[in-house]
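Visitor: any chance you could fold what I've pasted below:
(one chain, ligands or ions: 2)
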Amino acid sequence: MMFSKKRLIAATALIAVMATGCVMSSSVSEESLGLRKTDLYTENTTAPDKTSYSKAAAGESKVFDRAFENAPPMIPHDVEGMLPITTNNNSCLGCHDPAVASAVGATAIPRSHTFDMRKQTLLTTVSNARFNCTQCHAPQSNNKPLVKNTFSPEFRTQDGMRRSNLLDNLNEGVQ
Ligand code: HEC
Ligand code: HEC
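Guide: Ligands and ions are numbered 1, 2, ... in the order given. Next up, the predicted model:
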């Protein structure tokens, strides 16, 4: 097969570009890939940062701002000795029950937690669906994020960063 001179020049140029491309990609080290910054051969010794939960006792911690409107608040205090929650022992309610919360300086569980969503009625005690607090509320570990979070929430009420009102606008956009 014969190549015209023009084609031959174009083909040579293409090969040159491809060759440089190869050289460039081989200069990416394994350690620079991914968030761990280690290679696959050190898999066994690669460990994440240790979790570091608040050691401040309930009553001595500082609450976190809510992540977004009606987000479940993070637990700011130590939960040592409070878990697991069992049918007969829910120590969280010992302080967060609306009957005692203000006396101990805790945030009372909101109205959404004493509401039967199926029957659409307010209950006198916490709903069974909300009994297992740590299913939704978690402590926050104090670690440096690997990726900066640039999300910034918008709260429609002035105290939305510190209070929730889910039950009041649960059906927003539906009804
Ligand atoms: C001895 C009382 C006590 C117990 C028991 C307790 N808390 Fe608290 N909790 C508080 C107080 C007081 C605060 C407010 C922050 C502070 O003063 O430490 C608080 C704050 C919180 C907050 C943040 C509220 C907000 O407005 O941001 C959450 C969530 C929470 N607790 C969940 C729990 C869960 C879940 C349990 C059970 C595992 C629990 N707490 C057990 C007293 C208690
Ligand atoms: C199914 C998930 C779920 C469970 C289980 C649950 N919560 Fe919540 N919690 C939420 C969400 C979501 C919010 C914020 C929206 C709302 O309901 O008002 C919230 C809000 C709260 C608040 C803030 C109230 C306010 O006025 O700002 C407290 C305190 C709280 N929960 C404590 C508890 C405790 C104590 C338990 C266990 C008895 C519990 N929660 C169980 C999801 C849950």
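Visitor: where does pLDDT dip in this structure?
Guide: 1-3, 8-26 (pLDDT under 70).
Visitor: mind listing the strands for it?
Guide: 115-116, 121-122 (DSSP state E).
Visitor: pipe those strands into CSV and attach mean neighbour count per row.
Guide: Backbone N, C-alpha and C define where each C-beta goes, glycine included. Shown next, in CSV, are these (neighbours: other C-beta atoms under 10 Å):
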stretch, mean neighbour count
strand 115-116, 16
strand 121-122, 10
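Visitor: I'd like these written out as a markdown table, with distance to ligand 1 added.
Guide: Below are these laid out as a markdown table (distance: least, C-beta to the nearest ligand atom, whole Å):
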| stretch | distance to ligand 1 |
| --- | --- |
| strand 115-116 | 18 |
| strand 121-122 | 21 |
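Visitor: to ligand 2, which of those strands lies closest?
Guide: strand 115-116 (9.0 Å; C-beta to the nearest ligand atom).
Visitor: how about the strands of the chain in a markdown table, adding distance to residue 174?
Guide: Converted to a markdown table, these look like this (distance: least, C-beta to C-beta, whole Å):
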| stretch | distance to residue 174 |
| --- | --- |
| strand 115-116 | 16 |
| strand 121-122 | 19 |
